[in-house]
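>>> Quick one: sequence and predicted model below, then my questions.
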Amino acid sequence: MQPDLDSRVAAGLPWLAFHYADMNWDWLVRNAKLYDLQNRLGFVVTLARQVAERTNTASKPSQLAECETLLDRSRLAREDTFCHDSLTEAEKRWLRETRPPEAQHWNLLTDLTAEQLAYAD
């Protein structure tokens, strides 16, 4: 678990979920829960599913939606950041006001969207 992760690395995480949609999600979800990271993983999966839907990729949207549903059942109520625990209070306030609906759903402070992902086109 990294408290601060380079934004480019964080933006690459949905790519991994998208390209490896058939991975062992049970193992990954179980391990994410051990460290209370299911909201971050849920957000990654949500972005990957949106990319899969936009690119009309065969079975990937349904595989990712299944994992998303699994993670949603254990979504944490506490607010977290996606990749920058060191955000200032001003940055946190701004993100609370401007974050996309997906980030709000997963209680994350980030402005990342699927549309911003270079590989989503």
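Here it is on my side, so go on.
>>> now residue 5, nearest residue through space, not along the chain?
Nearest residue to residue 5 in three dimensions, chain neighbours excluded: residue 83, at 4.0 Å (Cβ to Cβ, 6 or more residues apart in numbering). C-beta here means a position set from N, CA and C on the backbone, and glycine is covered the same way.
>>> Does that neighbour touch residue 7 like I think?
Yes - Residue 83 lies in contact with residue 7 (Cβ atoms under 8 Å); the separation is 6.4 Å.
>>> Compare these two (neighbour count), which wins?
residue 83 (21 against 13; other Cβ atoms under 10 Å).
>>> Check the gap between that one and residue 24 for me.
Relative to residue 24, residue 83 is positioned 24 Å away (Cβ to Cβ, to the nearest Å).
>>> can you check residue 62 too?
Going from residue 62 to residue 24 by Cβ to Cβ gives 17 Å.
>>> Can you give me every residue that contacts residue 3?
Neighbour list for residue 3: 85-86 [criterion: Cβ atoms under 8 Å, 6 or more residues apart in numbering].
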